[in-house]
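[1] next come a sequence and a model predicted from it.
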Amino acid sequence: MLSAPLPPDEAERLYALRSLDLLDTPREERFERITRLAVRLFGLPIATVSLIDGDREWLKSVQGLALREIAREHSLAAHAILDNEPMIVSDAQADPRFGDHPLVLGEPRFRFYAACPLHAGRRRHRVGTLSVAGRIAHRLAEADAQALRDLAAIAEAEIGRSLASEVQSQLLRERDTARRQALLDALTGLWNRKAILDLLARELVRCEREGIGVSVVLVDLDHFKAINDNHGHLTGDEALRAASAAMLQALRPYDALGRYGGEEFLIVTTDPEGGPVAVAERIRARLAEVRVATGSGGVVALSGSVGVARCPAGERRELDDLLRAADRALYAAKHAGRDRVVTEDAANSDEAPVQPDGSSTDNAA
């Protein structure tokens, strides 16, 4: 296996990369949609948007792999940033650079790999790649190579934009690379419990100071224990990743989504259009569309119960009080039959929660 040499502009390249403030940040839908589109467009199982740091390839977005980073010495993308043109490897086993590569001989058993460099900064340093890969040797037609360049251009445009909310950006600026990693959930790539609670606390302060309404949407995957018990923890892990991806699609770029614990997720959203219930319903609907393949060849459908609590604009509300209210609403949604949204007002009243089809229910089991 031949490790990639360092580019001649390595020091400047790393400076441009780190200036982007993207390393060790949560998954974002704007990059997820690019890799989803790449998988669909090329009919291949794997796609990534990667950033090449000093000693690793870090995956900002990935489809088809459960990895978040790869040692740079084992990175195929590290070879792709040595040139401005796409690197196309039709058969990695027959390529002298990669024939004995651990990712070719072992999982994920790459055979085909194509990557287009991603540029950043005024001098357009090559900071990462958009790549697609498969486990069968394959030739890429010129029209497909151009499509890869086009998708890479879209990814470059997103790399140059910052769409995080003010408090998310502030939290990231306060952390160096090592401490940023401690804010992310290793399985889902979302904010972890500590980080999402920190973000909620900051938004509540901003809510009172600037007159901005803040809402908490608490989501629990229904019957998740049965998925683990009946299909194993690998299927459970994939269900959590699939649920994360589905919820990201329902949110705005500056909403914050975190794994609250186990199969629970917490969303912090400020003054969303249509209100927090509209956000919660989009999340519930997205989860209901998810299907996860099991190891036995079957498919598991997901659903989620959702509780909503709100701190109105300009008011003061304690974090624990808001979380308790969202948790009570979530419990009411579970008790009413699951796969539904309940607000704190409904949970505190005698109203029967509303089912997804709009009919009422009388606390069905």
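    Yep, that arrived.

[2] for stretch 118-125, C-alpha coordinates in PDB please.
    These are the backbone C-alpha positions of stretch 118-125, laid out as PDB (Å, rounded to 0.1, in the frame of the first residue of the first chain):
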ATOM      1  CA  LEU A 118     -13.000  20.200  -3.000                       C
ATOM      2  CA  HIS A 119     -11.400  23.600  -2.900                       C
ATOM      3  CA  ALA A 120     -11.500  26.500  -0.400                       C
ATOM      4  CA  GLY A 121     -10.000  29.900   0.100                       C
ATOM      5  CA  ARG A 122      -8.900  32.600  -2.300                       C
ATOM      6  CA  ARG A 123      -6.100  30.300  -3.500                       C
ATOM      7  CA  ARG A 124      -8.400  27.400  -3.900                       C
ATOM      8  CA  HIS A 125      -6.500  24.900  -1.800                       C
END
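
[3] pull the distance from that stretch to the chain's centre.
    Between the centre of stretch 118-125 and the centre of its chain there are 24 Å (Cα atoms, centre = their mean, to the nearest Å).

[4] ok, and for it, which residues are buried?
    118, 119, 120, 121, 125 (16 or more other Cβ atoms under 10 Å). To be clear about C-beta, it is placed using only N, CA and C from the backbone, and glycine gets the same treatment.

[5] let's see which of these end up in helices.
    In helices, judged by DSSP state H, none of the buried residues of stretch 118-125 are found.

[6] which pair in these spans the largest distance?
    118 and 121 (11.2 Å; Cβ to Cβ).

[7] which neighbours do those two share?
    Jointly contacting residue 118 and residue 121 under the rule Cβ atoms under 8 Å, 6 or more residues apart in numbering are residue 127.

[8] okay, buried residues for the helix or strand bottoming out on mean pLDDT in the chain please.
    The least trusted helix or strand in the chain, going by mean pLDDT, DSSP states H and E, turns out to be helix 177-181, with a mean of 78. Residues of helix 177-181 classed as buried by neighbour count (16+ other Cβ under 10 Å): residue 180.

[9] contacts for that helix, please.
    In contact with helix 177-181 (Cβ under 8 Å, 6+ apart) are residues 23, 24, 25, 172.

[10] which SSE is residue 226 in?
    helix 224-231 (DSSP states H and E).

[11] same for the following helix or strand past that helix, what does it pack against?
    Scanning forward in sequence from helix 224-231 by DSSP H and E, the next helix or strand is helix 233-249. In terms of contacts (3 or more Cβ pairs under 8 Å, 6 or more residues apart in numbering; DSSP states H and E), helix 233-249 is packed against helix 29-42, strand 214-221, helix 224-231, strand 256-261, strand 264-270, helix 276-288, strand 291-293.

[12] what number of residues lie near the nearest residue to residue 117 once chain neighbours are set aside?
    Take residue 117 and drop its neighbours on the chain: the residue closest to it by Cβ to Cβ, 6 or more residues apart in numbering is residue 126, 4.3 Å away. Using other Cβ atoms under 10 Å, the number of residues around residue 126 comes to 20.

[13] can you check residue 55 too?
    Counted with other Cβ under 10 Å, residues neighbouring residue 55 total 10.

[14] mind listing what it touches?
    Residue 55 makes contacts with 71, 72, as judged by Cβ under 8 Å, 6+ apart.

[15] please repeat the previous calculation with a cut-off of 6 Å.
    Residue 55 sits next to residue 72 when contact means Cβ atoms under 6 Å, 6 or more residues apart in numbering.

[16] quick check: it vs residue 262, distance?
    32 Å (Cβ to Cβ, to the nearest Å).

[17] start and end of stretch 31-50, how far apart?
    By Cα to Cα, to the nearest Å, the extent of stretch 31-50 from end to end equals 10 Å.

[18] what do you get for stretch 199-219?
    Start-to-end span of stretch 199-219 (Cα to Cα) is 17 Å.

[19] what are the buried residues along it?
    Neighbour-count burial for stretch 199-219, counted by 16+ other Cβ under 10 Å, picks out 199-200, 202-204, 206-208, 212-219.

[20] those residues: which two are farthest apart?
    The span of the buried residues of stretch 199-219, defined through Cβ to Cβ, is set by 208 and 219 at 25.6 Å.

[21] ok now stretch 21-39, how far from the chain's centre?
    7 Å.

[22] list the contacts of the residue nearest to residue 281 when sequence neighbours are not counted.
    Excluding the flanking residues, the one nearest residue 281 by Cβ to Cβ, 6+ apart is residue 341, at 5.6 Å. For residue 341, the contact set (Cβ under 6 Å, 6+ apart) comprises 280, 281, 284, 306.

[23] then residue 280?
    When contacts are counted by Cβ under 6 Å, 6+ apart, residue 280 touches 217, 306, 308, 341.

[24] ok, residue 290 next?
    By Cβ under 6 Å, 6+ apart, the contact set of residue 290 is 242, 246, 302.

[25] check residue 64 too.
    Contacts of residue 64 by Cβ under 6 Å, 6+ apart are 45, 46.

[26] ok, residue 287 next?
    The contact partners of residue 287, by Cβ under 6 Å, 6+ apart, come to 246, 302, 303, 304.

[27] phi first, then psi, for the residue nearest to the third one when sequence neighbours are not counted.
    On the basis of Cβ to Cβ, 6+ apart, the spatially nearest residue to residue 303 that is not a chain neighbour turns out to be residue 339, at 4.0 Å. Main-chain torsions, residue 339, degrees, to the nearest 10: phi 50, psi 50.

[28] over to residue 46?
    Main-chain torsions, residue 46, degrees, to the nearest 10: phi -130, psi 140.

[29] quick one: distance of the least confident helix or strand of the chain to the chain centre.
    Helix 177-181 has its C-alpha centroid displaced from the chain centroid by 17 Å (Cα atoms, centre = their mean).
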